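Q: Pasting the sequence and the predicted coordinates here, then a few questions.
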2 protein chains.
Amino acid sequence: MTAAAPCRADVEAAAARLAGLVRRTPVLRVAALDARAGAELWLKCENLQDVGAFKARGALHAASRLSEAQRARGLVTYSSGNHAQAVAAAARRLGVPATIAMPVDAPAIKVRGVERLGGTIVRAGTTSDDRRAAALEIVARTGAALIEPFDDDDVIAGQGTATLELLAQVAEAGGALDAVAVPVGGGGLVAGAALACEGTGIAVWGVEPAAANALGASLAAGERVAVPPGPTIADGLKPVMIGARNFAIARRLLAGAVTVDDDELGDALVALLLEAKVLVEPSGAAALAAALRGLPGRPARVGVILSGGNVAPELIARLLARHG
Amino acid sequence: MTAAAPCRADVEAAAARLAGLVRRTPVLRVAALDARAGAELWLKCENLQDVGAFKARGALHAASRLSEAQRARGLVTYSSGNHAQAVAAAARRLGVPATIAMPVDAPAIKVRGVERLGGTIVRAGTTSDDRRAAALEIVARTGAALIEPFDDDDVIAGQGTATLELLAQVAEAGGALDAVAVPVGGGGLVAGAALACEGTGIAVWGVEPAAANALGASLAAGERVAVPPGPTIADGLKPVMIGARNFAIARRLLAGAVTVDDDELGDALVALLLEAKVLVEPSGAAALAAALRGLPGRPARVGVILSGGNVAPELIARLLARHG
């Protein structure tokens, strides 16, 4: 157990490995949103990534790090959200089977997404612990490889490629960043962003729902604490606890964590739809919500990670009626 | 009056002139839409262009072709739609005033868009003729330059740069196209697309609302005919008649024209929102609607121009309820 701490080079290596396998998603500049934020915003559109979310990066990176022999026995994961589709898509690309433990009450749209990608679904209880136990049972029985949702160095490095790519795209456009805002669930995306920005002087801020601020609470406590999530429309940002590896990186490298409420999330989602012309899910709008309110220290040039775009039509309509 | 007929070189020259002044909009590939269409679709996102529509290209190109002295007296146009904002944006970029004749019943959202860009609005009746007369009166009185909405060689060449850019992006991604589908209003975008594809062997199809098929009727008649538009949600595709220059190019170079109905437009708009994660206006979804039904001859590789994304929130919600 003498592995070196993860660093920027791990994200660079992941980017090299993923080149041509995931999309180089566009970065948008929208004058009307800049005006509202009082800052120059660079919107990184991971909602336009394969499977509609950045999760495609970490899953494919972790899977591609397996040996051929490991891989041949298939991939397994547990998820009620975008990671399920990401692992199914990675398995399809590698030509191996995928089995996903999903809750018995998983939304039909997400079940269909996994099925469409050829994944096998195993229904397992309603909690994350139920699903994880089911996944581990499959691993023990079949020898398949478990692809963790966030608490894994290869997954973190893969997710970090979204931010690394953003930095390159901003530079190509002749710009530069003072800060990056990143939605936080289990902490895969934000830990990867922190690694990608290591040594650049760019401040990385995690953004959480006010009702599920496990990162902020853990940073304040100096250790990981469990925060039972309250109700929020950001269904992708509701872990009970930040991952151990993710927290270690966050504690070392993050500028801090801020929270946004459902009203700000809905407003940001609608602003992205009407002004930027892109659809994000509520979780995917969290970083813009924080940027519109203003990040601490009021950075002038802000990278904003739009993490995903998978959202039910009824919720879009409801938010348009409220914030449109 | 011995000017040569417009050709591909005019679009290439326009692209050189516009380089760095308009956005190189992304091209998306979406597996779920390919599967529905039974073809490989390349989606050109002009909804992500400045002012949310391809109109930014033609307006800026025409304005940039004026002499400094002409330009200094300001720009004038008439429009109830995206061209109004495009001319206001072009004037702002060139540092000259813009005056836009808009109908007295123009939607508040479009009036605000022009005002936000610093344009001066003159209210003029409710018909296109009313608006054009008001614009010509301003030109006569002030010496300002009229930027026509579509029946103008410089505007056509500017709009053609969207398709020229698409061809380059497809080639860069290692692909090729058999056909391009383009929404048709007055014919600026489709005439430009036809010029951009001249000599490439790529078939260019115009797509019109069934209730406003002025191009198809004119092609069938062998001459321009007026078609009073019926009701359609594609508010940007309702000219009474195709432009003269546009028709001459279309007649010479187009593969043909097809129509789509409001049900197909709504379905395509919602499919783009939920599967491609981008917002288009009903007019902007016309080419995808035709591709989903299948273009004549069933081309295997189809460029689809998503022409704009300016749409009222209430209409998005209504279409989601119906097609989501």
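A: In hand now; what should we look at?

Q: roughly how far out does the helix or strand where A:His83 lies sit from the chain middle?
A: Assigned by DSSP states H and E, A:His83 falls within helix A:82-94. Chain-centre distance of helix A:82-94: 15 Å, with CA atoms, centre = their mean, to the nearest Å.

Q: Give me the buried positions along the next helix or strand after that helix.
A: Once the chain leaves helix A:82-94, the next helix or strand it forms, by DSSP H and E, is strand A:98-102. Buried residues in strand A:98-102, counted by 16 or more other CB atoms under 10 Å in any protein chain shown: A:Ala98, A:Thr99, A:Ile100, A:Ala101, A:Met102. (C-beta placed from N, C-alpha, C; glycine too.)

Q: Quick check: the second one touching A:Ala145?
A: No. With the criterion set as CB atoms under 8 Å, A:Thr99 and A:Ala145 do not qualify as a contacting pair; they are 10.7 Å apart.

Q: Now for the two: what residues contact both?
A: Taking CB atoms under 8 Å, 6 or more residues apart in numbering or on different chains as the criterion, A:Thr99 and A:Ala145 both touch A:Gly74, A:Leu75, A:Val76.

Q: Select from these every entry located in helices.
A: Using DSSP state H, the subset of the shared contacts of A:Thr99 and A:Ala145 located in helices is empty.

Q: re earlier: make JSON lines out of the buried residues of strand A:98-102 and add pLDDT and distance to A:Thr126.
A: Formatted as JSON lines, these follow (pLDDT from 0 to 100; distance: CB to CB, whole Å):
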{"residue": "A:Ala98", "pLDDT": "97", "distance to A:Thr126": "22"}
{"residue": "A:Thr99", "pLDDT": "97", "distance to A:Thr126": "19"}
{"residue": "A:Ile100", "pLDDT": "96", "distance to A:Thr126": "15"}
{"residue": "A:Ala101", "pLDDT": "96", "distance to A:Thr126": "12"}
{"residue": "A:Met102", "pLDDT": "93", "distance to A:Thr126": "10"}
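
Q: Which single one of the residues you listed is nearest to A:Leu136?
A: Distance to A:Leu136 across the buried residues of strand A:98-102 (CB to CB) is lowest for A:Ala101, with 9.1 Å.

Q: quick revisit: with distance to B:Gln70 added, can I get the buried residues of strand A:98-102 in JSON lines?
A: JSON lines is the format used below for the buried residues of strand A:98-102 (distance: CB to CB, whole Å):
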{"residue": "A:Ala98", "distance to B:Gln70": "63"}
{"residue": "A:Thr99", "distance to B:Gln70": "68"}
{"residue": "A:Ile100", "distance to B:Gln70": "64"}
{"residue": "A:Ala101", "distance to B:Gln70": "68"}
{"residue": "A:Met102", "distance to B:Gln70": "64"}
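
Q: Tell me the one among the residues you listed nearest to B:Leu167.
A: Using CB to CB, these come closest to B:Leu167 at A:Ala98, 36.9 Å.

Q: for the residue lying closest to that closest one once chain neighbours are set aside, what are its contacts?
A: Nearest non-adjacent residue to A:Ala98, counting by CB to CB, 6 or more residues apart in numbering or on different chains: A:Ala91, 3.4 Å away. Contacts for A:Ala91 (CB under 8 Å, 6+ apart) come out as A:Ala63, A:Gly74, A:Leu75, A:Pro97, A:Ala98, A:Leu117, A:Gly118, A:Gly119.

Q: quick one: contacts for the residue nearest to the last one when sequence neighbours are not counted?
A: So the one you mean is A:Gly119. Distances taken as CB to CB, 6+ apart put A:Ala88 closest to A:Gly119, at 3.3 Å, once the chain neighbours are dropped. Going by CB under 8 Å, 6+ apart, A:Ala88 touches A:Ala98, A:Ile100, A:Gly113, A:Val114, A:Leu117, A:Gly118, A:Gly119.

Q: go on, A:Arg322?
A: A:Arg322 touches A:Gly266, A:Val270, counting by CB under 8 Å, 6+ apart.

Q: What helix or strand is it located in?
A: Secondary structure from DSSP H and E places A:Arg322 in helix A:313-323.

Q: quick one: low-confidence ranges for the stretch 1-150 of chain A?
A: The model of the stretch 1-150 of chain A has pLDDT under 70 over residues A:1-3.

Q: 50 - rerun?
A: Applying pLDDT under 50 to the stretch 1-150 of chain A flags residues A:1-2.

Q: Which residues of it lie near chain B?
A: Contact residues (CB under 8 Å from any CB of the partner chain) of the stretch 1-150 of chain A with chain B: A:Pro26, A:Leu28, A:Ala32, A:Asn47, A:Leu48, A:Gly52, A:Arg116.

Q: Neighbours of the spatially closest residue to the fourth one that is not a sequence neighbour, how many?
A: In space, A:Asn47 comes closest to A:Gly309 once its chain neighbours are excluded; the distance is 3.0 Å by CB to CB, 6+ apart. Residues contacting A:Gly309 under the criterion other CB atoms under 10 Å in any protein chain shown number 28.

Q: Next up, the contacts around A:Gly309.
A: A:Asn47, A:Leu48, A:Gly52, A:Ala53, A:Val278, A:Leu279, A:Val280, A:Glu281, A:Gly284, B:Lys277.

Q: my read: the fifth one touches B:Leu273, true?
A: Pointing back at A:Val278 there. No. Applying CB under 8 Å as the test, A:Val278 and B:Leu273 come out as separate, 9.6 Å apart.

Q: Need the overlap of contacts for those two.
A: Residues touching both A:Val278 and B:Leu273 (CB under 8 Å, 6+ apart) are B:Leu279.

Q: domain assignment for chain A?
A: Listed by automatic domain parsing, the domain ranges of chain A are A:8-54+A:153-323, A:56-146.

Q: need the longest helix for chain A.
A: Assigned via DSSP H, chain A shows its longest helix as helix A:153-172.

Q: Before I go, just wanted to say thanks for your time.
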